[in-house]
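J.: Show me how the following folds:
(2 chains)
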2 protein chains.
Amino acid sequence: MTPDVKALLFDTFGTVVDWRGSLIAEFTAWGEAKGIDADWAALVDGWRGAYKPSMDAVRRDPGRGYLTLDELQRQSIEPLAAQLGIMGLTAADYDHLTLGWHRLKPWPDSVPGLTRLKATYIIAPLSNGNVALLTNLAKHAGLPWDLILSAELFKHYKPDRQVYLGAARLLGLRPQQVMLVAAHNYDLAAARGCGLKTAFVPRVTEYGPHQKEDIKAESDWDLVVKDLNDLADRLGC
Amino acid sequence: MTPDVKALLFDTFGTVVDWRGSLIAEFTAWGEAKGIDADWAALVDGWRGAYKPSMDAVRRDPGRGYLTLDELQRQSIEPLAAQLGIMGLTAADYDHLTLGWHRLKPWPDSVPGLTRLKATYIIAPLSNGNVALLTNLAKHAGLPWDLILSAELFKHYKPDRQVYLGAARLLGLRPQQVMLVAAHNYDLAAARGCGLKTAFVPRVTEYGPHQKEDIKAESDWDLVVKDLNDLADRLGC
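T.: Numbering: from 1, shown residues only, chains lettered A, B, ... in the order given. Here you go, the predicted model:
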């Protein structure tokens, strides 16, 4: 099915790392140590809610220049905290919380699965996170990437075509030699539209216990796997 | 001396891998198998001689668009072979020889030294090689990079400032938090001019037994080391 694939590119937030669980746990501990009482889960969920609109604003107005995900997250947290009545945070506190995205934890299968896949394939993230974020995250979480591919390199955010096609071009590969692995159907649809191969891995608690989206594959993706170890099994790694 | 450094960036051809010895050995074996008699050392030396002028042409005429190092090497080998009287090579042969740059061998200290340094620092190439070349080279040679930084990402070749400053920017670091490690004084001079820290590692047979350039440090670089294991020692890794 996929004999021609040379590189596996991974959506990162949700697919490889548990952003929601990691941030809620870290902020709760941090808040307790600082004596700040807040609904950290609401902050994290609201923050993620601001993610897509903030990227859409970059997409609609390229004239104002590309802003990295770190910059967008830093912009959106401050009004959100005010809205949730979280008081007394300094600029340094907001910087610290924003860098929480550099310190996320992998799902249990991510590091062993990637390590197996790396023996046969080029493996890299293909994420809307910026290069510094993805680099620091890989060091923190032990993700054994061959290289870092980021939307930042193309000055576009997924699902813009420039990101998928730009990644294949940088690798010197044709689109069908590249497979996107993601927990999000919209991301795979955009990748397929560019000619990439696709693999869906469900992460049914990414958005918390009441997740409704992306519970299952919504199209006939080239592969549908249980987790990254299963992906390695299926690819004979 | 370097407490603030977070990332070590490595010139690659000559500094990390032995391009001349690798290419001559591979081409000699390949020529014997194909029954092609040629002065492969002359081809490799001539090819490397065409390297700087070919990059200078990109620099002088940005209007024609950035060409990758693979593209420049592919352009320069064909007339060079003709000039050296190497006959009967097909287009596929030239493609194969050009991809020889993806299959270079590391110096003996490179992989162990980089592996030690990676535990403390972000490590990446900062090379004029394109992303695909550096990625394939890392897989082939076992170079344990955290990410691939290439001149191609900035559409400029070293020693243009855009490459050094662009690398620091992508990493979210100030120039003085980044150290360039190189066997070439001109590269370190350009890096220092951008505010980066510098480490010189002599590779006195890079250009063969009669090498005259870059035998020693020509300025007071922040570090002068024997090899990459010595660099790890000096940085306490």
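
J.: And for chain A, the residue most distant from the center?
T.: Ranking residues of chain A by C-alpha distance from their mean position (C-alpha atoms, centre = their mean) puts A:Gly35 at the top, at 30.5 Å.

J.: Give me the distance between it and A:Gly88.
T.: 9 Å (C-beta to C-beta, to the nearest Å). Where you see a C-beta, it was placed from the backbone N, CA and C, and this is true even at glycine.

J.: Then A:Leu231?
T.: From A:Leu231 to A:Gly88 the distance is 45 Å (C-beta to C-beta).

J.: more neighbours, the two?
T.: Higher neighbour count among A:Leu231 and A:Gly88: A:Leu231, with 24 against 10, using other C-beta atoms under 10 Å in any protein chain shown.

J.: Please identify which helix or strand holds the more buried one.
T.: helix A:228-234 (DSSP states H and E).

J.: Excluding residues flanking it in the chain, which one is nearest A:Glu78?
T.: Distances taken as C-beta to C-beta, 6 or more residues apart in numbering or on different chains place A:Tyr94 nearest to A:Glu78, at 5.7 Å, with adjacent residues excluded.

J.: Get me the contact residues on chain A for chain B.
T.: A:70, A:122, A:130-135, A:138-139, A:145-148, A:152-153, A:170-173 (C-beta under 8 Å from any C-beta of the partner chain).

J.: ok now do the nearest residue to A:Met179 once chain neighbours are set aside, which residues does it touch?
T.: In this structure, A:Met179 finds its nearest non-sequential neighbour in A:Lys197, 3.9 Å apart by C-beta to C-beta, 6+ apart. For A:Lys197, the contact set (C-beta atoms under 8 Å, 6 or more residues apart in numbering or on different chains) comprises A:2, A:5, A:176, A:178-180, A:222.

J.: for the helix or strand hosting A:Lys139, which positions count as buried?
T.: Assigned by DSSP H and E, A:Lys139 falls within helix A:131-141. Neighbour-count burial for helix A:131-141 flags A:131-139, A:141 (criterion: 16 or more other C-beta atoms under 10 Å in any protein chain shown).

J.: Provide the contact partners of stretch A:78-86 at residue level.
T.: Under C-beta under 8 Å, 6+ apart, the answer for stretch A:78-86 is A:36, A:38-39, A:42-43, A:46-47, A:50, A:89, A:94.

J.: Let's see that with 7 Å instead.
T.: A:38-39, A:42-43, A:46-47, A:50, A:89, A:94 (C-beta atoms under 7 Å, 6 or more residues apart in numbering or on different chains).

J.: now these: which count as buried?
T.: Counted by 16+ other C-beta under 10 Å, those give A:38, A:43, A:46-47, A:50, A:89, A:94 as buried.

J.: just curious, which of those is nearest to chain B?
T.: A:Tyr94 (16.2 Å; C-beta to the nearest C-beta).

J.: Which stretches in chain A count as helices?
T.: Assigned by DSSP state H, the helices in chain A fall at A:19-34, A:40-60, A:69-83, A:91-98, A:110-118, A:131-141, A:161-170, A:185-193, A:228-234.

J.: most tightly surrounded among the ones you listed?
T.: helix A:131-141 (a mean of 23; mean count of other C-beta atoms under 10 Å in any protein chain shown).

J.: quick one: contacts for A:Asp109?
T.: A:227-229 are the contacts of A:Asp109 under C-beta under 7 Å, 6+ apart.

J.: before we move on, back to that, can you put the buried residues of helix A:131-141 in a markdown table and add pLDDT?
T.: As requested, the buried residues of helix A:131-141 are exported to a markdown table (pLDDT from 0 to 100):
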| residue | pLDDT |
| --- | --- |
| A:Val131 | 98 |
| A:Ala132 | 98 |
| A:Leu133 | 98 |
| A:Leu134 | 98 |
| A:Thr135 | 98 |
| A:Asn136 | 98 |
| A:Leu137 | 98 |
| A:Ala138 | 98 |
| A:Lys139 | 98 |
| A:Ala141 | 98 |
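
J.: Correct me if wrong: A:Pro175 contacts A:Thr198.
T.: No: with contact defined as C-beta atoms under 7 Å, A:Pro175 does not count as touching A:Thr198 (11.1 Å).

J.: Which residue of the two possesses the greater neighbour count?
T.: A:Thr198 (23 against 18).

J.: Pull up the per-residue confidence for the more buried one.
T.: Predicted confidence (pLDDT) for A:Thr198: 98.

J.: where's it relative to A:Asp11, distance?
T.: In terms of C-beta to C-beta, A:Thr198 sits 11 Å off from A:Asp11.

J.: Now the common contact residues for those two.
T.: A:Leu180.

J.: Could you give the number of residues near A:Thr90?
T.: So A:Thr90, with other C-beta under 10 Å, has 8 neighbours.

J.: How is chain A partitioned into domains?
T.: The record's domain parsing of chain A by automatic domain parsing lists A:7-18+A:106-234, A:20-102.

J.: Would you single out the least confident of the ones you listed?
T.: What stands lowest among the domains of chain A, in mean pLDDT terms, is domain A:20-102, with a mean of 94.

J.: Pull up the distance across it, start to finish.
T.: 13 Å (C-alpha to C-alpha, to the nearest Å).

J.: again with stretch A:195-207
T.: Stretch A:195-207 end-to-end distance (C-alpha to C-alpha) = 29 Å.

J.: mind listing what's buried in that stretch?
T.: A:196-203, A:206-207.

J.: Between the residues you listed, which sits nearest B:Ser76?
T.: Closest approach between these and B:Ser76, by C-beta to C-beta: A:Leu196, at 32.7 Å.

J.: you'd agree the closest one is up against A:Met179?
T.: Yes: with contact defined as C-beta under 7 Å, A:Leu196 and A:Met179 form a contacting pair (6.4 Å).
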